[in-house]
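> What would the 3D arrangement of this be:
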Amino acid sequence: MRRTPFTAAVALAASAVVVFAIAQPAAAAPSFPGGGNVPDSAPVTLTLTLAADPSTVSAAATAVATPGTATFGKHLSRSQVRDRYGADAGQVGRVTRWAKKAGFTVTGLDDTRSRLTITGTARQARAAFGSQLRDTTRDGVRVRAAASPVRVPSKVRADVRAVSGLSQQVAKPLIARPAAVPTADGQYCSAYWAQYNKGSVPQKYPAGKQSNVLCGYTGPQLRAMYGLAANDRGQGQTIVIVGAFHNPTVLADANATFAKNGVPALAADRLVVKQYNLPGGASGCDRDSWYAEQALDVQTVHTLAPDAKIVYAVAPDCTQLEETVAAVIADPSIDSTVISASWGLVGEPNDSAYLTATNTILARAALLGIGFYAGSGDWGDNSSLDGANGPSAMFPASSPWATAVGGTSTGLNGSNQVVVQTGWESAGNVLTAGAWKRLNPPLVGGAGGGPSHFFDKPTWQASLPGTKRILPDVSALADPYTGFYVGYTVGGQYRAGPIGGTSLATPIVASLTAVAQARSGGTAVVGLAAPILYSKTAAGKAIVTDVKHVDAGIWTPATVAGQPSGDYLLDLDAGVQSLKTGPGYDPVTGLGVPGPAYLTELVG
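As a prediction, this is how the structure comes out:
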């Protein structure tokens with residue numbers, strides 16, 4: 001049965017962003033254009049990271065997460081993490097007294113006893129930490145930034161590992177949508193790979209390797225793609241989605257979409273929205289894209305794990321994502337071992353305090369047995385973006401305490417079998433004088449990957465080249481032109497169509513992990529998945545399926561928003577940047593996609 005073609009073109013989400021140079025912690029802080037100084041009276045909320053020696057925490061988290069160690073899988077309770085690796089009463093007392101004397105209000109110590117929140121003014125922050133705060137813009141969002149390196153006062157230097165919040169970082173949802181889908185003149189979108197293939201254009205690829213853009217996979221198709229049986233429902237599991245903004249129509253939108261998409265309805269009591277008392281109000285965040293992100297995450301998770309409870313932890317704006325993650329990890333009321341984060345910073349920011357603070361809390365997540373899954377990005381190696389300084393990786397995916405999720409272009413046939421699968425790195429062509437001509441710039445979209453500039457290689461990546469953490473670790477469906485059918489409301493208008501990005505791949509892998517835990521009886525916990533994936537792959541287990549390069553193409557009537565409608569062809573896995581799929585580990589798909597044994601071998 002032919003699916004009704006969509007009636008509205010959807011703009012591609014991969015807008016250009018500014019990428020700041022990445023530097024080591026000792027480097028000077030960057031300069032920022034325009035905006036002037038933040039007014040002295042402006043309110044400022046800061047987080048002081050109080051922790052045990054980071055190397056001690058890292059060693060403990062590595063041992064808990066690494067197969068073969070004496071403590072592998074022996075995750076700690078929140079009270080154990082607090083008692084062993086939290087600040088002691090002396091540290092908290094010294095820092096609290098100093099903060100109050102400096103004019104700050106101490107507003108809270110988190111449940112891990114590693115993060116002390118203080119509030120004050122820009123003038124007090126400048127006096128305490130020796131840096132003027134500048135009012136600037138990053139990726140269209142108005143933020144503040146420290147104009148010079150931050151100094152921790154000598155009285156608390158031994159107790160404070162990092163001061164974060166002086167410079168605000170902007171997170172982007174890693175969501176990608178086709179620029180358009182065919183709607184007329186017999187140019188139908190395909191319900192499955194090569195159901196329709198426009199024959200009036202040159203066939204660059206052999207029969208079965210060229211297809212019209214897909215209409216968006218249904219729920220049953222997505223479940224079949226990853227081998228889920230009818231009883232694989234994620235029972236007893238709680239999956240946390242961390243995002244910015246909350247669309248009040250998210251539940252109604254999900255159920256309207258599920259009715260078209262072959263997915264059971266999501267009961268109201270299975271979706272919990274959690275908000276924390278965090279500062280917000282940053283102007284310029286793309287709220288509509290975050291609404292689409294929320295819809296994609298919720299609908300993907302419920303499709304793959306329909307019996308799981310979903311907690312949507314909502315940040316008040318796009319500068320508070322890492323603070324929301326920290327709040328979730330420290331929240332004793334959330335009984336979850338899986339966090340899905342479909343967002344990131346394009347490049348690792350030149351802010352060692354931010355990286356240290358975020359990495360510190362993610363290491364605690366590993367100790368607690370909480371798996372943190374982060375998308376690797378949607379712009380390839382990021383080198384083609386405005387302001388880019390060469391290839392760069394995404395953060396927090398580049399953290400050694402995250403399982404970084406890359407992306408694939410995946411074609412199912414009419415029997416729900418994978419017939420085309422390769423890394424998502426698409427290059428565009430336009431039909432000119434009867435021949436395909438490569439677009440400039442060529443990259444239409446692609447999963448991120450490559451080495452970190454900041455983090456050293458974790459032990460579980462010892463077999464990979466280089467000295468730095470490299471990503472991704474694993475991958476799943478991400479190409480929006482072979483995307484998942486998602487619906488959401490913006491401006492009072494419901495729209496539905498194919499959506500992708502590593503925003504799709506991330507909740508896929510997170511949900512499959514929850515299903516694997518449920519299969520084991522719900523008592524075993526994976527925690528940080530990456531070390532297990534590398535260990536079991538090396539042992540020859542079919543926990544992942546290697547993804548290799550495939551020559552294939554997708555016809556589409558447009559590749560970017562605003563482009564004249566015409567004939568365009570996407571070359572899959574084109575290698576027009578530094579990233580391309582190959583045998584074994586590669587920086588597009590990592591070790592591969594969840595394989596036949598993922599649901600049975602990941603746990604235990």
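> Surely Arg161 is in contact with Thr358?
No: assessed by Cβ atoms under 8 Å, Arg161 is found out of contact with Thr358, at 11.9 Å. Where C-beta positions appear, they are placed from N, C-alpha and C, glycine not excepted.
> The two: which has the busier surroundings?
The neighbour comparison of Arg161 against Thr358 (other Cβ atoms under 10 Å) goes to Thr358, with 27 against 21.
> who's in contact with the closest residue to that one other than its chain neighbours?
Spatial nearest neighbour of Thr358, chain neighbours left out: Glu322 (4.6 Å); criterion: Cβ to Cβ, 6 or more residues apart in numbering. Glu322 makes contact with Ser164, Gln169, Ala171, Tyr354, Ala357, Thr358, Ile361, Pro396 under the criterion Cβ atoms under 8 Å, 6 or more residues apart in numbering.
> do Ala63 as well
Thr69, Ala70, Thr71, Phe72.
> which two from those end up farthest apart in space?
Maximum pairwise distance in the contacts of Ala63, criterion Cβ to Cβ, is 7.4 Å, between Ala70 and Phe72.
> Under the pLDDT cut-off, which ranges of the stretch 501-604 of the chain? List them.
522 (pLDDT under 70).
> Once you drop chain neighbours, what's closest to Arg519?
Leu599 is the one closest to Arg519 (Cβ to Cβ, 6+ apart), at 5.5 Å.
> how close does the one you found sit to Ser520?
Counting by Cβ to Cβ, to the nearest Å, the separation of Leu599 from Ser520 is 9 Å.
> Go through the host helix or strand of Gln299 and flag the buried ones.
Per DSSP states H and E, Gln299 falls inside helix 287-304. Using 16 or more other Cβ atoms under 10 Å as the test for burial, helix 287-304 gives 289-304.
> do the same with stretch 506-522
Here stretch 506-522 shows 506-520 as buried, counting by 16+ other Cβ under 10 Å.
> Tell me which of those fall in helices.
506-519 (DSSP state H).
> Name the nearest of the residues you listed relative to Ala191.
Of those, the one sitting nearest to Ala191 (Cβ to Cβ) turns out to be Ile508, at 19.7 Å.
> partner residues bridging the residue nearest to the closest one when sequence neighbours are not counted?
With Cβ to Cβ, 6+ apart as the criterion, Ile508 has its nearest non-adjacent residue at 4.0 Å, and that residue is Ala476. Taking DSSP bridges as the rule, Ala476 bridges to Gly407.
> residues near Ala476, how many?
Ala476: 30 neighbours (other Cβ under 10 Å).
> what residues are up against it?
Tyr226, Val405, Gly407, Thr408, Leu504, Ala505, Thr506, Ile508, Val509, Leu512, Val593, Pro594.
> quick one: contacts for the last one?
In this structure, Pro594 makes contact with Tyr226, Val474, Ala476, Ile508, Val509, Leu512, Ile543, Val544, Thr545, judged by Cβ under 8 Å, 6+ apart.
> cool, the fifth one as well?
Residues in contact with Leu504, defined by Cβ under 8 Å, 6+ apart, are Ile175, Leu296, Thr300, Ser342, Gly407, Ala476, Leu477, Ala478, Gly483, Phe484.
> Doesn't it belong to a helix?
Yes: using DSSP: H, G, I helix; E, B strand; the rest coil, the assignment for Leu504 is a helix.
> what ranges do the helices span in the stretch 201-350 of the chain?
Taking DSSP state H, counting those that start in this stretch as the criterion, the stretch 201-350 of the chain contains helices spanning 219-225, 250-261, 287-304, 321-330.
> need the helices for the chain, in chain order.
54-65, 78-85, 89-101, 122-129, 219-225, 250-261, 287-304, 321-330, 352-368, 502-519, 530-538, 598-601.
> Export those to JSON lines and append columns for distance to Val444.
What follows is these, written out as JSON lines (distance: least, Cβ to Cβ, whole Å):
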{"stretch": "helix 54-65", "distance to Val444": "36"}
{"stretch": "helix 78-85", "distance to Val444": "44"}
{"stretch": "helix 89-101", "distance to Val444": "49"}
{"stretch": "helix 122-129", "distance to Val444": "42"}
{"stretch": "helix 219-225", "distance to Val444": "22"}
{"stretch": "helix 250-261", "distance to Val444": "25"}
{"stretch": "helix 287-304", "distance to Val444": "18"}
{"stretch": "helix 321-330", "distance to Val444": "26"}
{"stretch": "helix 352-368", "distance to Val444": "30"}
{"stretch": "helix 502-519", "distance to Val444": "15"}
{"stretch": "helix 530-538", "distance to Val444": "29"}
{"stretch": "helix 598-601", "distance to Val444": "29"}
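> With Tyr585 as the reference, name the closest of these.
helix 530-538 (8.6 Å).
> Quick one: list the elements packing against that closest one.
Where contact means 3 or more Cβ pairs under 8 Å, 6 or more residues apart in numbering; DSSP states H and E, helix 530-538 is packed against helix 54-65, strand 403-412.
> Point out the most buried one among these.
Of all those, strand 403-412 carries the top mean neighbour count, a mean of 31, counting by mean count of other Cβ atoms under 10 Å.
> Give me the mean pLDDT for that one.
Averaging pLDDT along strand 403-412 yields 98.
> Report the angle between it and helix 502-519.
Angle of strand 403-412 versus helix 502-519, following axes from the mean of the first three to the mean of the last three Cα atoms, to 10 degrees, is 100 degrees.
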